[in-house]
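>>> Have a look; sequence and predicted model below, questions after that.
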Amino acid sequence: MINCADIQTGYNKLYEEVRRYIWSFQAVEALADLELACYETCLDLTQVRAAFNRFRSYALDAMYDDEELSAAFDQFEKLINSDDTSYANLYQTKEVFNHENNI
């Protein structure tokens, strides 16, 4: 199982390399779709993979010339293909015990 936080961290590392370029409008739309897919609370890995592949198709020329960008894409792809299920850490709120209403 892949933690959703790991997907988000992987996306952020990919974005660090991606932001060094000027992209077409269509590529930016694909990148936005990837970001939205990665930041869903209960993410769908199939949707993340589809959005990643769509954005990667726009980045192929840049990846050919830039080893760091290519490595970032490879690392993110390994992460999203490492398992077919994901989970999110759910935060538990603490209940307040009211002594006045306790009989």
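Received, thanks.

>>> Leaving out the residues flanking it, which one is nearest to residue 20?
Using Cβ to Cβ, 6 or more residues apart in numbering and skipping residues adjacent in sequence, the residue nearest residue 20 is residue 69, 7.7 Å away. (C-beta placed from N, C-alpha, C; glycine too.)

>>> what's the helix or strand for the one you found?
Residue 69 is part of helix 67-80 when elements are defined by DSSP states H and E.

>>> who's in contact with the residue most central in space within the chain?
The centre of the chain sits closest to residue 38, judged by Cα atoms, centre = their mean, with a distance of 3.2 Å. The contact partners of residue 38, by Cβ atoms under 8 Å, 6 or more residues apart in numbering, come to 7-8, 10-11, 48.

>>> Reformat those as CSV; add distance to residue 63, neighbour count and pLDDT.
Listed next are these as CSV, based on distance: Cβ to Cβ, whole Å; neighbours: other Cβ atoms under 10 Å; pLDDT from 0 to 100:
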residue, distance to residue 63, neighbour count, pLDDT
7, 20, 22, 93
8, 22, 15, 94
10, 16, 20, 96
11, 16, 22, 97
48, 19, 25, 95
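
>>> For the helix or strand containing residue 53, name the packing helices and strands.
Applying DSSP H and E as the criterion places residue 53 in helix 45-65. Packing partners of helix 45-65 (3 or more Cβ pairs under 8 Å, 6 or more residues apart in numbering; DSSP states H and E): helix 25-38, helix 67-80.
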